[in-house]
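Q: Sequence plus the predicted model coming up.
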Amino acid sequence: MKTITLQIQPAKVIGLVVIVAAVAGAVHFIRASQATPAPVAAPAAAPSGELHFDANAPQLASLKTGVAELAPLPVSEPVSARVAYDENVTSRVSSPIAGRVVKLGAEPGDSVARGAVLAVIDAPDLATAQADFSKAQADEAHKRAGFDRAKLLFDGEVLARKDYEAADADYRQAAAETRRAGARLKSLNAGAGGDGQFQLRAPIAGLLADKQINPGMEVRPDLPNPLFVVTDLHRLWVIADVPERSAAAIRPGQGVTVETDAWPGRRFAAKVDRVGLALDPGTRRIQVRCAVDNPDLALKPEMFARVSFLAGEGAAKAVPLPNASLFVEGATDFVFVETRPGTFVKRRVTVAMRGRDTSFVGEGVTAGERVVTEGAFLLNAEDAAHAR
């Protein structure tokens, strides 16, 4: 049997391998191009209305938050008011006599005791009054001695009755003149000395709140303004003009909240002291006087204020928020609540009462939650940008 041996050249083998590899690659490419690509997983989107910022995010510098607290719902919108002296503990001091100021004893802000000297006034009329009193005293003493002699003689049946009665009448007239001159000095709150220096004294203890007097100034009893105002600034009045439609809901002893531009965000507790009995025919408003304690002297007389009259016990409560916390979309009110540091959630709320600076939220926010008080519009813009 013959064996046949085939001899294949190496160059031809290499060419054959290259052709087979090329055909296999082409087939793989065609199949890959016709296959459907596998889906790629998209990143999870944040819930709508929720924003999160890192601790060093620049947006946080423009945000302020506050803790929500429940407060009694006012019976009406805040009304304009003004802070005034409590006249029950206030004395306006004027000079009862004409003269020239030579010395001052106190300055505004000083605490003065009752009877303290506020000013020393050189008063010629006082010197005249003191002289009249001294003259009346001397005349009374002289007439008293004459009456005693007349009585002794009359008792010894040496003096006629008409002479005794005349001595008695003279003595009584002299005593009456002494009392008159003494009453004049007492009304001036001055002593009987003859120096003519009148000491203007504080009739009550308190703080010297105002002074309209200077050394060398000429004073007289008919000046239009008092020279000094002495009062207890720890007790003040707040005078409010209440619209006619709200007057029926206000009564003495009712709780009141007082706000001022000088102390934004701070509420002072007060109570209704007196309610007027008649309406002002021009403004159709009734005047209501409230008493407020002022332990730290934060309130000043003649400050403008806003007063909210609170409902009684068992009345509804709501969360007071600054109007900067609220923003409106359509007919719906929203706020942003900070659920954890750097995370803010858009929350729908129901406004129970709107005010000029503060509104009361009845539903949507609970006590203890942190609400954005400044920068809510910035957060809302960020939320809208993320939604797009």
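A: Received the coordinates, thanks.

Q: pull the longest strand from the protein.
A: Assignment by DSSP state E gives strand 268-280 as the longest strand of the chain.

Q: mind checking which helix or strand the spatially closest residue to residue 322 that is not a sequence neighbour is in?
A: Spatial nearest neighbour of residue 322, excluding adjacent residues (CB to CB, 6 or more residues apart in numbering): residue 373 at 5.3 Å. The way it works is simple: take the backbone N, C-alpha and C, and place the C-beta from them, glycine included. Per DSSP states H and E: residue 373 is located in strand 370-374.

Q: Pull up the pairing partners for that strand, direction included.
A: strand 64-67 (antiparallel), strand 332-340 (antiparallel) (DSSP bridges).

Q: Please enumerate the helices of this structure.
A: With helices called from DSSP state H, the chain shows them at 10-34, 124-155, 161-187, 376-387.

Q: Adding distance to residue 90, mean pLDDT and mean neighbour count, write the ones you listed out as a markdown table.
A: Listed next are the helices of the chain as a markdown table, based on distance: least, CB to CB, whole Å; pLDDT from 0 to 100; neighbours: other CB atoms under 10 Å:
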| stretch | distance to residue 90 | mean pLDDT | mean neighbour count |
| --- | --- | --- | --- |
| helix 10-34 | 98 | 52 | 9 |
| helix 124-155 | 26 | 88 | 16 |
| helix 161-187 | 21 | 90 | 15 |
| helix 376-387 | 44 | 81 | 15 |
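
Q: of all those helices, which lies closest to residue 84?
A: Closest of these to residue 84 is helix 161-187, at 29.1 Å (criterion: CB to CB).

Q: Let me know the angle separating the closest one from helix 124-155.
A: Calculated by axes from the mean of the first three to the mean of the last three CA atoms, to 10 degrees, helix 161-187 forms an angle of 150 degrees with helix 124-155.

Q: contacting residues for residue 268?
A: Shown in contact with residue 268 (CB atoms under 8 Å, 6 or more residues apart in numbering): 257-260, 292, 294, 298-299.

Q: coming back round to it: and the strand holding residue 373, what's buried?
A: 370-373 (16 or more other CB atoms under 10 Å).

Q: Among those, which one sits closest to residue 211?
A: Closest to residue 211, out of all of these and judged by CB to CB, is residue 373, at 41.4 Å.

Q: Return the distance of the closest one relative to residue 325.
A: 5 Å (CB to CB, to the nearest Å).

Q: Dead centre of the protein: give me the residue that sits there.
A: The centre of the chain sits closest to residue 260, judged by CA atoms, centre = their mean, with a distance of 4.2 Å.

Q: I figured that one hits residue 302, correct?
A: No - Residue 260 lies out of contact with residue 302 (CB atoms under 8 Å); the separation is 11.4 Å.

Q: So for the two, which residues contact both of them?
A: By CB under 8 Å, 6+ apart, the residues touching both residue 260 and residue 302 are residue 83.

Q: quick one: residue 71 and residue 321, what's the gap?
A: Residue 71 is 10 Å from residue 321, by CB to CB.

Q: Those two: which has the busier surroundings?
A: Per other CB atoms under 10 Å, whichever of residue 71 and residue 321 has more neighbours is residue 321, with 23 against 17.

Q: Pairing partners for the more buried one in the sheet, please.
A: Bridge pairing for residue 321 - DSSP bridges - gives residue 359.

Q: residues in contact with it?
A: 68, 335, 358-361, 365, 371, 373.

Q: what's the closest non-adjacent residue to residue 364?
A: residue 349 (3.1 Å).

Q: actually residue 104, not the one I typed
A: The shortest distance from residue 104 to any non-neighbouring residue, by CB to CB, 6+ apart, is to residue 119 (5.3 Å).

Q: What about that neighbour, how many residues nearby?
A: 25.

Q: next one: residue 252
A: 12.

Q: For the nearest residue to it once chain neighbours are set aside, name its beta-bridge partners.
A: Take residue 252 and drop its neighbours on the chain: the residue closest to it by CB to CB, 6+ apart is residue 272, 5.3 Å away. Going by DSSP bridges, residue 272 is paired in beta bridges with residue 290.

Q: Residue 272 touches residue 251, doesn't it?
A: Yes - counting by CB under 8 Å, residue 251 is a contact partner of residue 272 at 6.7 Å.

Q: Among those two, which residue is more densely surrounded?
A: More neighbours surround residue 272 than the other of residue 272 and residue 251, with 22 against 12 (other CB under 10 Å).

Q: Pairing-wise in the sheet, spell out the partners of the residue nearest to residue 364.
A: residue 333.

Q: hang on, isn't it packed against residue 365?
A: Yes - judged on CB under 8 Å, residue 349 makes contact with residue 365 at a distance of 5.8 Å.

Q: what is in contact with those two at once?
A: residue 335.

Q: From the contacts of residue 268, list the buried ones, please.
A: Among these, those buried by neighbour count (16+ other CB under 10 Å) are 257-260, 292, 294, 299.

Q: in the stretch 201-350 of the chain, which spans are strands?
A: 206-211, 218-219, 228-231, 235-243, 255-260, 268-280, 285-293, 304-309, 317-322, 327-329, 332-340, 343-353 (DSSP state E, counting those that start in this stretch).

Q: Show me how far the last one is from its chain's centre.
A: This means strand 343-353. Relative to its chain's centre, strand 343-353 lies at 28 Å (CA atoms, centre = their mean, to the nearest Å).
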